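In: Sequence plus the predicted model coming up.
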Amino acid sequence: MNLCHYGDMEYPHRDCELGEGAVTVLYYPMMSWNKEWGGETIFYEYGESKYAISPKPGRFVIFCGELEHLGTLPTRICSQSRYTVALKFKIKSQCK
Ligand SMILES: O=C(O)CCC(=O)C(=O)O
Ligand SMILES: [Fe+2]
C-alpha cells in the first residue's frame with residue numbers, strides 16, 4: 001500500500017531486476033480523483049517517459065515489473081491523499 005501527498009518524494013524504479021520476470025498489479029482505491037490533482041503513474045522507455053496512467057478510481061494497471069515507472073505526486077491544490085495498492089507477483093516465465 002502506497003500513500004503520498006503533495007511535497008513528498010518518489011523515484012523512478014523497477015519492481016524487479018531485469019530478467020526476473022515479475023508482474024505488478026496496481027490498483028487506485030481512491031473514491032474520487034480530479035485530473036487537476038495529477039498523480040499519474042508514468043512509465044519510461046529507454047529512460048524517457050512513454051505512458052502516463054491517470055489514477056482513475058477503481059482502475060487496475062497490470063504491467064511487467066521490469067518496466068521503469070514512477071507514481072507521481074499530487075499537485076498543490078490536492079488536499080486528498082493519493083493511495084495505491086501494488087501487488088507484485090513473481091512468475092517462472094519471463095514477461096516481455
Ligand atoms: O503509486 C504508483 O503509481 C506506483 C507504485 C509503485 O510503483 C510501487 O508500489 O512499486
Ligand atoms: Fe513500482
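Out: Here it is on my side, so go on. Ligands and ions are numbered 1, 2, ... in the order given.
In: mind showing which ranges of the protein have poor pLDDT?
Out: Low-confidence segments of the chain (pLDDT under 70): 93-96.
In: and it, which residues reach ligand 1?
Out: N2, D15, L26, T41, H69, G71, T84, A86 (C-beta under 6 Å from any ligand atom). Every C-beta, even on glycine, is put in place using the N, C-alpha and C of the backbone.
In: quick one: H13 and H69 touch, right?
Out: Yes - look at H13 against H69 with C-beta atoms under 8 Å: they come within range, at 7.1 Å.
In: quick one on the thing from earlier: of the residues of the chain next to ligand 1, which count as buried by neighbour count?
Out: D15, L26, T41, H69, G71, T84 (16 or more other C-beta atoms under 10 Å).
In: Which of the residues you listed fall in strands?
Out: L26, T41, H69, G71, T84 (DSSP state E).
In: ok so, going back, just the buried ones among the residues of the chain next to ligand 1 now: which is nearest ligand 1?
Out: G71 (2.5 Å; C-beta to the nearest ligand atom).
In: The closest one and E45: what is the separation?
Out: 17 Å (C-beta to C-beta, to the nearest Å).
In: Kindly report the same for L18.
Out: Taking C-beta to C-beta, one finds L18 at 14 Å from E45.
In: next one: I62
Out: 17 Å.
In: and if you look at E68?
Out: 8 Å.
In: Which of the two has more residues huddled nearby?
Out: Shown here are E68 and E45; by other C-beta atoms under 10 Å, E68 has more neighbours (18 against 10).
In: now the nearest residue to that one once chain neighbours are set aside, which residues is it bridged with?
Out: Nearest residue to E68, sequence neighbours excluded (C-beta to C-beta, 6 or more residues apart in numbering): Y44, at 4.2 Å. With DSSP bridges applied, the residues forming beta bridges to Y44 are S49.
In: Look up phi and psi at R76.
Out: phi -60, psi -30 (degrees, to the nearest 10).
In: make that W37, sorry
Out: phi -90, psi 0.
In: burial count for the nearest residue to it once chain neighbours are set aside?
Out: Distances taken as C-beta to C-beta, 6+ apart place C78 nearest to W37, at 3.7 Å, with adjacent residues excluded. By the measure other C-beta under 10 Å, the count of residues near C78 is 17.
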